[in-house]
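Asks: Let me see the structure of the following:
(2 chains)
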Amino acid sequence: MADKKRPRKRRSSAKPGVAALPKKALRRRCDPARFPFKTTAKAKPVEGVLGQDRAVAAIEFGIGIKRPGYNLFALGPPGTGRHTLVREFLERTAATEPAPPDLCYVNNFSAPRKPKLMVLPAGRAEPLHDAMDQLVRELRTALPAVFESEDYRARRQLIEGEFKRRQEEMFEALQTRAKERDIALMRTPVGLMFAPVRDGEVVKPEEFEKLPADEQARIKEDIEKLQGELQESMEQVPAWDKEQRSKIHELNRELTRFAVSHLIDTLRKGHGDIEAVAGYLDEVEADVVENAFDFIRPPGAQEGEASPAPMGPALGAENAGEAPSYRRYRINVIVDNAKTEGAPVVYEDHPVLVNLVGRIEHSSQFGALVTDFNLIKPGALHRANGGYLILDARRVLLQPMAWEELKRTLRAGEIRIESIGQLTSLISTVSLDPQSVPLDLKIILVGDRQLYHLLCARDPDFEELFKVQAEFGDRMDFSNETALRYGDHIATIIKRHDLRPFDRGGVARIVEYSQRLAGDNERLSTGFRAILDILSEADHWAGQNGNKVAKAADVQRAIDAKIHRADWVRERIQEEIERGTILIETDGMAVGQINGLSVLSLGSFSFGRPTRITARVRLGKGEVVDIERQVELGGPLHSKGILILSGFLGARYCAERPLSLSASLVFEQSYGGVDGDSASSTELYALLSALSDLPIDQALAVTGSVNQHGQVQAIGGVNQKIEGYFDTCAAKGLTGKQGVLIPAANVKHLMLRQDVVDAAGKGKFRVIPIETIDQGMATLTGVAAGERGADGAFPEGTVNALVEARLEGFARMARRFARDDKAEGKDA
Amino acid sequence: MAVKSSAGFRRIVLALDPSADYVAAVREAAALAARLGAELSAVFVEDRALLGAAAHPFVRCFSAGALRWREFGVADMEGAYRALAEKARRATELAARSRRLHWSFEIVRGEVETSALEAAGETDLVVLGAGMDRLRGGAARTKLAWRRITHIRRSVLILRPEEFVTPRIVVLYDGTEGADRALQAARHLGDPGNLRIVLAANDEAAARRLEDRARKLLGGAASEAAFISLPGSGAEGLRRFAARTGAGLLVLAADSDMLGKETVAQDFELCPCRVLVVR
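Replies: Got it, this is the predicted structure:
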């Protein structure tokens, strides 16, 4: 009904159809003269990434705001300069910020399994590390010298002599008392014993038996008494022993302290201004004094015996009684910022868990895995602490536990090093629990839009931790001003990548290529990775041609070669069309048959190909059958397009009677899936042709979607589709009648190949912009579509009149069949 | 059949006394045998006197570790000896095999020093541990041991309970034939640079003569050795000198005047290093 009321401009029946676009509308040429340089060598370099003002503002904000959770997510299509822009910005900002402190792990002398974190001013860790190593080397020389000195020996012998003397005096006294009673004190393999002696020899049992009874009794009594005395005396020995050990220990401490203190004082002078270091050195001094014998080979030790273990104190060593080693005095510098200028900017390209939060390595000793604080290794979070860390979001999400641990670190505000085994509680080996590192950094995730929105939707923590989104676009406006900036930017890329200079013609051709990449002659692509690829390839071809300066021809060759490398499938399809295997007509007229256009994408290369679409109609119950859908080759968008056709037909021609039609539509020789609604106008043309019995000009191909009001709507891939049909026509021979009907809304997207443009310029090929189905039908059939007159009827002989008449005929037939059926039912 | 070593010793006869640290003694004796190219012969001595004492029914044994007395008899003593002997045999075998030595192990019943000296031939070196039971007879027994050492025609090496890593060797040289043999033995036991030759001379001229004689004996090695004159210092001075220089071994001839003196046992008992008495 709406169609009846809407005023329509009547088209002259003498000239039905729409005129083709002029040549200049088919491709927006970039005039080389607009660039102020002759070659890019003369262009001034520019900073930053072009066409990303929104992202730049977001990054500036994200970097500037120093609040928790204000980490960034740089989202956008790959190749739009996300990494470059983020890194450039960060490096510029970081250069103005102070270098963060050095981070070290040192032994915790009271709890070796919980290594201590030492934070030192930038550049102070490595000298301390070297100084501690030097200290150990000096102690290994100085302490043995102390214990080998005449003074030490003399004092130790004095202590030992005293103990020995006490023991000897005790035994001498016992021995004397025993001897007075003709008894000897003897040492045996099982202990001490008293036995009767005569003339220095032990009295044999048989001789003892011969002694008078009172004599025997006396000896036994004496031995009994002596045994008591010996027991009494021997009970003092452990106390003496303890006293002796204590004295020797005190002697060792005294001499060690003397030797150690002046060496450590030297360190205090150099490093003691840092409070943490001063405290640490006190602990080291106390520990060396307590464990001085680690620095000398223990008496009686053989090669490989209890000398200080090279691998250091295995965990549990303190319990297992193993000697601690020199490693306990080392400084494990995990972050050295001595040469860092400004805040660090770190990009971690392999963000597995251990590369992010660090790890605790183990070494195998006698089949057991052991570790110590020297085996703590830093992760990217440590290296970037005090600065910025850039991560690829997809890679982080792909690594087991990396994302969860990254979030935990950001929430907790500290870096904790734990092994995967610990984190998952799968392994409970003895390991370390190092002191956490306070976190002070900003994380910048780089990813695509889909990932960002997925995280927003699915991860409740995400928006809390990444509050700033920096969105990168894949295109920018094309104007005189932007084209100039674009040229300067291309020149900068050329210089940065050490390519040969491009002349302004070459640059202009690159700009046109950029428009084509954007799929829009009013836009430029910001996908600079693809631009760099074509620049590099043009540089190569220029070199092959012996050109010192790359020209437009080199760029064109690079584009052609790139296409040629990828278009094997396209060529095969075109070949089969030429050979008649795939049936495509490019001349003549046919009813219910039309050339549709589709786009195939193979990797980054896409191309258009013509497909014959046919329609058949008959009496039915108002359904348009999508054969592709019936065999499950049609996608939902295609089905939607077909249903729109039913809506259009019903509303325009059968508003007040049933649509008694059954129509079938098919993509001929299509054996893959079909989706999208870009062929819906084409299908409608075929259907209207079948209904009106008006033949369609086979020299024309059609693309465009349609709505229920018959308006033709924009579609994607217009350039590829036109070029695909042009190639088919060119192969069969251009007649001047051939062309493509495109939605008028797609005219601004035209950036066609030069050969297509040239053919159009010579009148050998046409590109016709269409706004409505009526325009399209008139152009395709040469018959005016017709608009309803005041009487509500379409002018006779027009497309719409013929369609309406056919549908009325179907309706009448349907009514007749219904009456006949009813009558047959009564008769029965 | 052992070949006579360059130092003149065919066998190293090691007396293993249960009271000594026999593992260390075996290791040291094996090292010595390897250096001298001699055979290692270990003699494990079961002290007959102790076995006799254990036969008394009223005798008990005091365990220093447990600080208590317990009943024991000959069977306990023999059992303890058997266990110790087996351990000593294994230690000997291990040390000998690791150094590829000809070796033998023998268990005898008697007195430690006497048994070892009796088991040795004239060309053997007897090695005695210093852990000889000083409780049984005390100083008198030590004197007895030293007297036997000085009167029996065997070369004897007295070990110390401590291990000495210093390679320094102090040799007493008085120009006698015995001193010549002692000097030769010392020459084979260490590097010339570690030799400290103490010249037993009362005046400078005599010392010079002794030095010339010693140099001739040592040949090219003399240039690296050091000569020291200690006029009239005796055994006490020699012991002090050995202590001062941190010597690991003191070498002297069996017919040295020093060994005849009554105080020698005490002097050398206190000596802070091993002592080799050369016949």
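Asks: Quick check on residue B:222: phi, psi?
Replies: phi -60, psi -30 (degrees, to the nearest 10).
Asks: Tell me, how many residues neighbour it?
Replies: 18 (other Cβ atoms under 10 Å in any protein chain shown). All C-beta spots, glycine's among them, are computed from the backbone N, C-alpha and C.
Asks: What separation do you get for the residue nearest to it when sequence neighbours are not counted and residue B:227?
Replies: In space, and not counting its chain neighbours, residue B:222 is closest to residue B:215: 4.0 Å by Cβ to Cβ, 6 or more residues apart in numbering or on different chains. Plainly put, residue B:215 is 8 Å away from residue B:227 if you go by Cβ to Cβ, to the nearest Å.
Asks: repeat for residue A:545
Replies: From residue A:545 to residue B:227 the distance is 92 Å (Cβ to Cβ).
Asks: With neighbour numbers in mind, choose between those two.
Replies: residue B:227 (17 against 12).
Asks: beta partners of the more buried one?
Replies: residue B:197 (DSSP bridges).
Asks: So what's the gap between stretch A:556-573 and the chain middle?
Replies: 31 Å (Cα atoms, centre = their mean, to the nearest Å).
Asks: Oops, could you answer that again for stretch A:287-296 instead?
Replies: The answer for stretch A:287-296 is 49 Å, by Cα atoms, centre = their mean.
Asks: next one: stretch B:97-116
Replies: 14 Å.
Asks: Have a look at chain A and report the helix or strand with the lowest mean pLDDT.
Replies: helix A:317-320 (a mean of 36; mean pLDDT, DSSP states H and E).
Asks: In this structure residue B:200 contacts residue B:210, no?
Replies: Yes. Using Cβ atoms under 8 Å, residue B:200 is in contact with residue B:210, at 7.4 Å.
Asks: Of the two, which one has the most company?
Replies: residue B:200 (25 against 21).
Asks: Need the nearest residue in space to the more buried one, chain neighbours excluded.
Replies: Distances taken as Cβ to Cβ, 6+ apart put residue B:174 closest to residue B:200, at 3.8 Å, once the chain neighbours are dropped.
Asks: Give me the number of neighbouring residues for that neighbour.
Replies: Residue B:174: 20 surrounding residues under other Cβ under 10 Å.
Asks: Kindly report the same for residue A:111.
Replies: Residue A:111 has 10 nearby residues by other Cβ under 10 Å.
Asks: just residue A:541 next, same as before
Replies: 19.
Asks: residues shared between the contacts of residue B:200 and residue B:210?
Replies: B:173-175 (Cβ atoms under 8 Å, 6 or more residues apart in numbering or on different chains).
Asks: sorry, back to before: now the residue nearest to residue B:222: how far from chain A?
Replies: 30 Å (Cβ to the nearest Cβ, to the nearest Å).
Asks: For that residue, identify the helix or strand it belongs to.
Replies: Per DSSP states H and E: residue B:215 is located in helix B:204-218.
Asks: Now do the buried residues in that helix.
Replies: B:206-207, B:210-211, B:213-215, B:217-218 (16 or more other Cβ atoms under 10 Å in any protein chain shown).
Asks: contacting residues around that helix?
Replies: Contacts for helix B:204-218 (Cβ under 8 Å, 6+ apart): B:173-175, B:180, B:183-184, B:187, B:192, B:195, B:197, B:199-201, B:222, B:225, B:227, B:229, B:231.
Asks: The same query, at a cut-off of 10 Å, please.
Replies: B:171, B:173-175, B:179-181, B:183-184, B:186-187, B:192, B:195, B:197-201, B:203, B:221-225, B:227-231 (Cβ atoms under 10 Å, 6 or more residues apart in numbering or on different chains).
Asks: Go through these and flag which are in helices.
Replies: Among the contacts of helix B:204-218, the members falling in helices (DSSP state H) are B:179-181, B:183-184, B:186-187.
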